[in-house]
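> Give me coordinates for this.
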Amino acid sequence: MNHNEGDKIDNNLEELFDGDVLVAIKKSNPASKKLVVMLNGAINRNISQPPVFQRKTWLEYMPYNVLIIPDKTVEINDSLELGWYLGQSNSDYIHSIAKLVTNTASELNIDNESITFYGSSGGGYAALILSTLLIGSGSISINPQIILKNYIRRVYDKFILDTGHDEKSPLLAVTSYMDERKYIPRITLIQNRQDHLHYKEHFVPFMKWYLSKSSELSTFGDFLVAEFTNDKGHNAILNVYESMPYIEKEYSHSYLTAQKRINDVPTITLYTQKNKILFKMSGVNDKALIFLKGQVSDETADTLLQKGWMNSPKIGLCKYATKEDSENDMFYVSLDYLSCVDIGILHWQSESTIYYKVLSQ
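Reported below is the predicted structural model:
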C-alpha cells in the first residue's frame with residue numbers, strides 16, 4: 001500500500017489515499033512524539049457503510065499524532081462486518097497496514113517504541129498482531145478477541161468463507177502468531193469481567209499462555225493487565241478520557257536480548273528503507289549477526305554482497321554488527337538499502353549479553 005496525501009480536512013487533519021481509495025485519516029501534532037493508531041472493531045451495516053472511522057470524534061481531544069485506519073477487509077462484500085485487518089488469504093493486507101504506519105512514523109520522526117496501536121474487540125486483536133509486527137511498538141487492547149475460532153461461531157465462519165483463510169494459519173490466534181514470530185510486544189490488556197465470552201474464551205487462555213511462554217519468547221517492555229467490572233459486558237469500553245492515562249503512561253525503555261539459538265530469534269520485517277537498529281554491547285570484541293530469514297531475489301542478494309554481507313553455508317546472507325570504532329557501548333546500524341524482507345539478530349560472539357532495539361523498520 002503506497003499512500004498519497006489527500007485533502008486537508010482542517011489545519012491538522014488530512015486524508016490518506018492509496019490511489020483513489022481512502023485508507024486513513026491522519027492527525028498531526030508537531031509537539032507530540034507519540035503516534036497512536038486507532039483500529040476498528042466490527043461495523044454495523046444498518047448504521048453505516050465502510051469505510052468506517054471509529055473514534056473519529058476523539059481526534060479533537062487527543063494531543064498526539066493519530067492515524068485512524070478502517071479495516072478494508074469488510075469491503076470484500078456487502079455483508080462482512082468483521083475482518084480483523086487480515087484481508088483475504090492471498091493478500092498481505094496486515095503487512096500493508098504495518099507499512100503505512102511505519103512510513104507515517106518515519107515522516108514524523110517517531111521511533112517504534114513511541115507507536116501505540118489502540119483498539120477494542122476486533123480492533124484489539126489487530127492491535128496485538130500489529131504490535132507484534134512492529135517490534136518495539138505497543139498495544140492497548142480492550143476486551144479483545146485472542147483466538148478467533150473461540151469467537152461467535154457465525155461471525156468466524158463467515159470470515160473464513162468470505163476470505164479463504166486457512167483455519168490452521170497462525171494469524172488466526174494472537175498466541176500462535178507470537179509463537180511463530182518468537183516475540184511478545186509491550187501490551188496493555190484491559191478486560192471487563194462481565195464480558196463473559198471474552199473473559200473465559202480469550203482473556204483467561206491468553207493469560208495462561210503468557211505465563212507459560214513469557215520466559216522463553218523474546219519480550220519487549222511492560223505487560224499491564226487491568227480488569228474491571230461493568231454490566232455492559234462486551235460493550236463496556238473506555239472513552240477518550242479514560243483511555244488517555246494508558247496512552248500517556250511512561251513505559252520502561254527495554255532492549256531485546258540477542259538470542260544464541262537461531263530458532264529462538266524474533267522475526268523483524270523491514271517495511272521501508274529507513275531501517276535503524278540500536279545495539280548495546282559492553283565488550284570490545286562483541287559481535288551480533290544480522291541475517292536474512294527466507295529467500296530474496298538475486299538482485300537483492302547481489303546488492304547485499306556488494307555492501308559487505310557474507311553468504312554463510314549454514315545461515316545464508318548475513319553481516320556482523322560490531323562496535324568497531326565506537327567508544328560507547330551503544331551504536332546504530334542502518335539498513336536503509338533493505339525493504340520488504342525479514343531479518344533476525346543472533347548473539348554471535350560475547351561473554352556478556354548483547355542487547356538491541358529496533359528503532360524503525
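> switch to C-alpha atoms for all contacts and neighbour counts from now on
Will do.
> Could you list every helix and strand that the strand ranked longest in the chain packs against?
Using DSSP state E to define each element, the chain has its longest strand at strand 341-349. Secondary-structure packing of strand 341-349 (3 or more C-alpha pairs under 8 Å, 6 or more residues apart in numbering; DSSP states H and E): strand 268-270, strand 287-293.
> Comparing those strands, which stretch has the densest surroundings?
Burial of these is given as mean neighbour count (mean count of other C-alpha atoms under 10 Å); strand 268-270 ranks first at a mean of 22.
> quick one: average pLDDT of it?
On average, the pLDDT along strand 268-270 is 98.
> again with stretch 333-348
Averaged across stretch 333-348, the pLDDT comes to 95.
> Just the C-alphas of it, formatted as CSV.
What follows is stretch 333-348, C-alpha atoms only, in CSV (Å, rounded to 0.1, in the frame of the first residue of the first chain):
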residue,chain,number,x,y,z
VAL,A,333,23.3,0.0,12.4
SER,A,334,21.4,1.4,9.4
LEU,A,335,19.8,-1.0,6.9
ASP,A,336,18.5,1.7,4.6
TYR,A,337,19.1,-0.4,1.5
LEU,A,338,16.7,-3.2,2.6
SER,A,339,12.9,-3.3,2.4
CYS,A,340,10.2,-6.0,2.2
VAL,A,341,12.4,-8.7,3.8
ASP,A,342,12.6,-10.5,7.1
ILE,A,343,15.8,-10.4,9.2
GLY,A,344,16.9,-11.8,12.6
ILE,A,345,19.6,-10.9,15.0
LEU,A,346,21.8,-13.6,16.6
HIS,A,347,24.2,-13.4,19.5
TRP,A,348,27.4,-14.4,17.9
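> how far does it sit from the chain's center?
17 Å (C-alpha atoms, centre = their mean, to the nearest Å).
> buried stuff in that stretch?
Buried residues in stretch 333-348, counted by 16 or more other C-alpha atoms under 10 Å: 335, 338, 339, 341, 342, 343, 344, 345, 346, 347, 348.
> And stretch 157-165, by the same measure?
Per 16+ other C-alpha under 10 Å, stretch 157-165 contains these buried residues: 158, 159, 160, 162, 163, 165.
> And the helices in this structure, which stretches?
93-107, 122-133, 153-163, 174-181, 196-198, 204-213, 240-248, 298-306 (DSSP state H).
> Please name every helix or strand in contact with the third one.
The one in question is helix 153-163. Helix 153-163 packs on no helix or strand, going by 3+ C-alpha pairs under 8 Å, 6+ apart.
> I'd like the average pLDDT over it.
Per-residue scores along helix 153-163 average to 97.
> can you check the second one too?
Mean pLDDT, computed over helix 122-133, is 98.
> Could you tell me the angle between that helix and helix 93-107?
70 degrees (axes from the mean of the first three to the mean of the last three C-alpha atoms, to 10 degrees).
> starting at the chain centroid, how far to helix 122-133?
For helix 122-133, the distance to the chain centre is 6 Å (C-alpha atoms, centre = their mean).
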